[in-house]
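> Structure, please.
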Amino acid sequence: VHVYTHTHTQSHYFVLQLVHRPSVTSVLQGLLRKRLLPTDHCIGKIKKTFFATCSNDDSIQQTSVHVSLKCPVTFKRIKLPARGAECKHIQCFDLEAYLLMNCDRGTWKCPVCNSNAQLEGLEVDQYMWSILTEVNKKGMEYDEITIDPSASWQLVEKPQLMNEKEEDDTPPAAKKCKLEGGGGGGGGGAASSSNLNLQ
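Coordinates of the predicted model:
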């Protein structure tokens, strides 16, 4: 664009640059086409992770690692597991959530290890994707798995709350006694035997 001012004879040039911002959906589709790691490759990376840990410290031998099925960004179940190419951990984050977060902030740092995780270096883990798919198909309400050096995985049972455990451990007769004798009247003393039906 060539523009002249009214007060000066000098001309000024302005450059206009049109920038197209692709949608998150189109970016996701592109990454799935170009950066989807095959299952065998993902399993190989898991084995290398365990080997590297043992090599750094011979006195430490990891039998398994805990991997969360929840995204560290949204704290919800991961839908499309991904991590950066520089990441050395097995834990993944949800790809769509990561892209949405960086559309606004643009830091492109892994939420797990804080390493650089630029768009062009993101990797989709097909092995973790298959695990998530299997867990979702069975309708399992689990938040965590363990993975061993052979890349085999197991579900981690949710810890039971103390009051729930006490309820489960209470004998049926005691539960009945508690229910029928719990509504005490006045007097503040212990319930009399006539209020309890143990038969």
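
> Name the SS class of Arg83, please.
strand (DSSP: H, G, I helix; E, B strand; the rest coil).

> Same check on the one 5 residues further on?
With three-state DSSP as the basis, Lys88 sits in coil.

> Tell me which other helices or strands the longest helix along the chain touches.
Ordering each helix of the chain by length in residues (DSSP state H) puts helix 39-56 first. Counting contacts by 3 or more Cβ pairs under 8 Å, 6 or more residues apart in numbering; DSSP states H and E, helix 39-56 packs against helix 126-137. C-betas here are computed from N, CA, C, even on glycine.

> List the buried residues in the longest helix of the chain.
Buried residues in helix 39-56, counted by 16 or more other Cβ atoms under 10 Å: 42-43, 45-46, 49-50.

> try stretch 132-145
Buried residues in stretch 132-145 (16+ other Cβ under 10 Å): 132, 135, 145.

> same thing with stretch 79-95?
80-84, 87, 90-95.

> ditto for stretch 118-125
122-125.

> pull the CA atoms of that stretch into CSV?
The C-alpha trace of stretch 118-125 is given here as CSV (Å, rounded to 0.1, in the frame of the first residue of the first chain):
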residue,chain,number,x,y,z
GLN,A,118,6.1,-27.1,20.8
LEU,A,119,3.2,-27.8,18.4
GLU,A,120,5.5,-29.4,15.8
GLY,A,121,7.1,-31.7,18.4
LEU,A,122,3.9,-33.1,20.0
GLU,A,123,3.4,-36.9,19.8
VAL,A,124,0.2,-38.9,20.2
ASP,A,125,0.8,-42.1,22.1
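
> re the thing from before, so which of the buried residues of stretch 79-95 is the closest to Thr63?
Using Cβ to Cβ, Ile90 is the member of the buried residues of stretch 79-95 that lies nearest Thr63, at 14.2 Å.

> Once you drop chain neighbours, what's closest to that closest one?
Val67 (5.4 Å; Cβ to Cβ, 6 or more residues apart in numbering).

> where does the one you found land in three-state SS?
At Val67 the chain is in strand, as set by three-state DSSP.

> ok, now which ones touch it?
90-92, 128, 144-147, 153 (Cβ atoms under 8 Å, 6 or more residues apart in numbering).

> Kindly reformat those residues as CSV containing secondary structure, distance to Cys71 and pLDDT.
Listed next are these as CSV, based on DSSP: H, G, I helix; E, B strand; the rest coil; distance: Cβ to Cβ, whole Å; pLDDT from 0 to 100:
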residue, secondary structure, distance to Cys71, pLDDT
Ile90, coil, 14, 96
Gln91, coil, 10, 97
Cys92, coil, 8, 98
Met128, helix, 12, 98
Glu144, strand, 13, 96
Ile145, strand, 14, 96
Thr146, strand, 19, 96
Ile147, strand, 17, 97
Trp153, strand, 18, 96
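
> now, which of the buried residues of stretch 132-145 sits nearest Ala117?
Leu132 (19.5 Å).

> residues contacting that closest one?
69, 77-79, 81.

> what do you get for Pro111?
For Pro111, the contact set (Cβ under 8 Å, 6+ apart) comprises 72-73, 93, 98.
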